[in-house]
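[1] only geometry, no sequence info:
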């Protein structure tokens, strides 16, 4: 393999730049040439791509976002779009492709690989930690630390009785961020899409806590479970407590990546190049049983990755 | 003066603990005894107060919130409430009082001082920086740094075109936080209650920016100017841009106080004790022309403190 | 089991408080009583211990250090010291003991358990990540993030040519912190006790980098490999470059624990109680293949845990 | 005035980029052209300079360091060097110059302005806060917050008795950083070059503190007062206490600028352009009595700016 290309796709996540750096430097170290594709599959289709060298990826390991930019591509879902992308494969002499992104991105890449025979390796980059086949995704650790900082700051504020703080975090179909940050932050309640909840229970819990003298009460809500504003309204109606709502929104995607995310990104990026060098295709560089391995990309596509409900139970035990 | 009391009142702000420490240690250094009153004027009325020593204020300089807790007191607005508080003045032998809080707290303290002749000194502690008679209030610097971190993180995220981020910050009647953090964060637009704004202008500005290739656009909104959600909705309707809203809420009150807030809190706290020792009453320890001075508390009560609109104009110039 | 005791021992690490909280609440949840022992085995010997309740561990999950304090105990190494500790086991009715600390602490606890038959469970808490039998220890993730912040800040500064920055980090016999933070920080060289190094090589690497136009060069040194000052001096002598040294010291033990450390601490703390409830003794709650499990404490004592040299090689590849 | 140039000079400081942005955008707003000079006066002499536009300064307000790089220039101290720089003034059509840096940089710029009649305005950028004629310099606020974070982290760690932590901070001739961060951090002792100190006093203070039950003791030392290592050694010899030393070094120059530094940089940068537009020369944009004003640059050169010793006394009072 003489020349590989790489792109970032889907929602951006902290650590994508560290991964780009690892893919590029690992490939260059082994004598390959590297083509960076801008704006995900859109740039692939339009030929918005060019050579990267060692300096292209200098001083990016600590930056949030992605220097290659990212986008969601409607066009790549069509045979015509993918055919145009293949024109660029030929034009730029690309012999292998690394796709850093989520399962939607892998799906398109897998179809493309089957259609045109180009070796493709996926690297899981998403703050949601919801990709089957890997225990960790790039960006999750940073995101939960970002939420945690918010929880810790809210914890400081006026410890007046009968006040409840609600923090809405990301997670449309998946409560991973809410669960991990709520457990790490010592939240009194955690609402996730995977578990039914009942306002009566939540309010009883709040009232018990305040009777015991708890200085404050924090509820973390995944956006897929309920809107933070609605939770605040409902609790206020039932308890009369003053409720204050924080909606973190996109700041959860930002920030300098954590050490764990940079290490993961570096290791998975290097692994993706090794997989290409070993002649593999339609694999994902992932983590299983704590080890960096190559897994069939179909595993990431066909299975679902349930949230770890033992953490949910543990949070219930520890917030008594 | 042999024995002074102190309390924190109103909304809490980062640096109140550093101020409590300064008041207590300065007084003890000069041989006085110090009584800490819990939960603001409510604790004063109920006699929820007791002696503090050097160790009471150890290891608190860096903590958000207030170890004395704070509350808003309806009762202290009544002559009966104040009379009960005066019973505690006699019971605990209090000869002077330091009140750390906002103008509402100073108003009550000033009335109390006139009624019962107790010397009272105010120290301005509020994140809103809206107290007349002082150029800085304890907590403002920390709060704008907190907002700035959020802006910086949002700046990192997906630099997809035609996306606009809205950040709602505190400030019901006052745009200080929005203005300072928006200018420091390089926001494209800043909406404050003190200045009329027009969605047509804002949208034109956004469109101009995107045509010029701006990767993102950030709008900071003081809650008193508009709700963040509404701003997002309006812009979306007019431009078709995807708008993402962050509502920071009470996390702006939290966090470890910044260096500037701890220095300010330490200096104003010490000054309040000096004012009491000098026989002053109904003064506020404040900052004028960069110097720590005592100002008539009536100045903090009777005047209004307009936001610095030169910063608003500067933000307009620098975000072209 | 009706009553358990817990202590922290050895060097403190961020997340110990989160672990104390988990042990206490998990035990209380299951109807047990909890005795907190102050100052490690010294407090155990002297009977400096007492009951903990739900409130004892409120609002500590985010704090660095340990509310139970920690110490290294010479006395517990002697049969007399351990006999005195056993008197307190009887006096306080302790039926099981959780020891949060490093392998030195586990060794004493294991001997004590054999001598007096008290069930003992260890929880690995040390920033060095050097305990055999577990893939992670409480505090390591926070420590490497702390070092990383320092590296990132140094990276910002004057990008004048021919300047080299050296950062000395903790690790007397073990290069884990240097390796993880150096790789995550994109350091040009990493010096660890486990790998020989040669100043000639390091200097050649620096010179190559500067010839290629590198704006700065960062070297991370584990204290066990060399003193930072000496590395600076040697490089200056050979290259003539200006070298600037940072010695991080004990600040690496501090700071609010990261999300990963709080999650790990919560899970291992709860596991330690489950192990006691299941009648186990001389086990350590640890992580194997990414799972929380109980492992024989002898495994943590008799084996050695080599640093992951694949990370060292990867750092070499990615810093070309 | 149609075309101005700007450069950064001397040691870099956080906020220089925010200032570059402000100078460039303010000038462009008023219809001027802007030339950025790389690597301080060296780039000026060598003609390493070129036009800047609105996009040149996009997304830099939050970054540490300086995109124009900085250097100390021996050559500019010579008439020949300055003559070469003047050739570039003519070649690039420069009609005014903004110099962001310290007093050394202002001195050269002032001589140059007298020799060749080019209007020159200085902007004080240095972490040391030691420039006469201005109450604040760009970078100081960020630097003391950086030191404060280190102090706060050290405060967390093992609260074993009889242990003393020493933190060496920047300040060769000036104790500003040590004084402000030590006061804000609640340090037990602060050693600065401006005040004599005595190891006997320091040790007596430590011993008193430990007898009173202080959990730890922190000493902040400006590098100009003594080396941290030496302080540690001396205290250990006299008290037998374990002393642990942290040397922060250049990380004090890095980091994203604080809100206060970005605001200051924005205001001073804009003011420098206004001064040029008003036909001024050899002025510095500075802060006096809390207001942004133009001051004679000679004031910054001929006077000395003593450290505020009232802060030193206050630190002594508050750390009893």
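    Ah, there it is. These figures come from a predicted structure and were not determined experimentally.
[2] For the rest of this, base every contact and every neighbour count on C-alpha atoms.
    Fine.
[3] Flag the shaky bits of chain A, pLDDT-wise.
    A:158-162, A:215 (pLDDT under 70).
[4] tell me the domain boundaries of it?
    A:3-139+A:257-302, A:141-253 (automatic domain parsing).
[5] Of all these, which one is nearest residue C:90?
    Closest of those to residue C:90 is domain A:141-253, at 31.8 Å (criterion: CA to CA).
[6] what's the longest helix seen in chain A packed up against?
    Counting residues, the longest helix in chain A under DSSP state H turns out to be helix A:259-277. Judged by 3 or more CA pairs under 8 Å, 6 or more residues apart in numbering or on different chains; DSSP states H and E, the packing partners of helix A:259-277 are helix A:16-29, strand A:96-101, strand A:120-124, helix A:140-156, strand A:283-288, strand A:291-296, helix C:140-156, helix C:176-185.
[7] just the residues of the stretch 201-320 of chain A that are near chain C, which are they?
    Taking CA under 8 Å from any CA of the partner chain as the contact definition, the stretch 201-320 of chain A meets chain C at A:258-260, A:262-263, A:266-267, A:288-291, A:314, A:317-320.
[8] okay, now the nearest residue to residue A:140 once chain neighbours are set aside: neighbour count?
    Leaving out its chain neighbours, the residue that sits closest to residue A:140 by CA to CA, 6 or more residues apart in numbering or on different chains is residue A:127, at 4.1 Å. Neighbourhood size, residue A:127 [other CA atoms under 10 Å in any protein chain shown]: 28.
[9] Now name the helix or strand holding residue A:127.
    For residue A:127, there is no helix or strand it lies in under DSSP states H and E.
[10] check contacts around it.
    A:13-14, A:137-143, A:177, A:253 (CA atoms under 8 Å, 6 or more residues apart in numbering or on different chains).
[11] What's opposite the closest residue to residue A:189 other than its chain neighbours in the beta bridge?
    Excluding its sequence neighbours, the residue lying closest to residue A:189 (CA to CA, 6+ apart) is residue A:219, at 4.8 Å. On the basis of DSSP bridges, residue A:219 is bridged to residue A:166, residue A:189.
[12] From chain D, how far out is residue A:219?
    In this structure, residue A:219 and chain D are 27 Å apart, going by CA to the nearest CA, to the nearest Å.
[13] Against residue B:169, how distant is that residue?
    20 Å (CA to CA, to the nearest Å).
[14] More neighbours: which of these two?
    residue B:169 (28 against 24).
[15] Give me the neighbour count for the spatially closest residue to that one that is not a sequence neighbour.
    Nearest non-adjacent residue to residue B:169, counting by CA to CA, 6+ apart: residue B:222, 5.0 Å away. By other CA under 10 Å, the residues close to residue B:222 number 26.
[16] Check the one 3 residues further on too.
    Neighbour count of residue B:225, defined by other CA under 10 Å: 23.
[17] tell me the secondary structure for it?
    Three-state assignment for residue B:225 (DSSP: H, G, I helix; E, B strand; the rest coil): coil.
[18] May I have the phi/psi pair for it?
    phi -90, psi -40 (degrees, to the nearest 10).
[19] and if you look at residue A:78?
    phi -100, psi 150.
[20] One more: the one 3 residues further on?
    Note on residue A:81: its backbone torsions stand at phi -60, psi -50 [degrees, to the nearest 10].
[21] any idea how far it lies from residue C:154?
    45 Å.
[22] Pick out whichever of those two has more residues nearby.
    residue C:154 (28 against 18).
[23] Go ahead and confirm the more buried one touches residue D:254.
    Yes. Counting by CA atoms under 8 Å, residue D:254 is a contact partner of residue C:154 at 5.6 Å.
[24] Would you mind pulling the contact partners of stretch A:14-21?
    So stretch A:14-21 is in contact with A:6, A:8, A:57-58, A:60-67, A:100, A:125, A:127, A:138-139, A:142-143, A:253-258, A:261-262, A:265-266, A:268-269, C:318, going by CA under 8 Å, 6+ apart.
[25] Filter the residues you listed down to the buried ones.
    A:6, A:8, A:57, A:60-67, A:100, A:125, A:127, A:138-139, A:142-143, A:253-258, A:261-262, A:265-266, A:268-269, C:318 (16 or more other CA atoms under 10 Å in any protein chain shown).
[26] Chain A against chain B: which residues are in contact?
    Counting by CA under 8 Å from any CA, the residues of chain A close to chain B are A:11-13, A:63-66, A:69-71, A:150-160, A:244-255.
[27] How much space separates whichever residue of the stretch 201-320 of chain A sits closest to chain D from residue A:14?
    Chain D sits closest to residue A:256 of the stretch 201-320 of chain A, with a gap of 11.2 Å, by CA to the nearest CA. Separation of residue A:256 from residue A:14 (CA to CA): 7 Å.
[28] Overlap of the contact sets of those two?
    Residues touching both residue A:256 and residue A:14 (CA under 8 Å, 6+ apart) are A:63-64, A:142.
[29] Just give me the closest of those to chain B.
    For the shared contacts of residue A:256 and residue A:14, the nearest to chain B is residue A:64 (5.4 Å; CA to the nearest CA).
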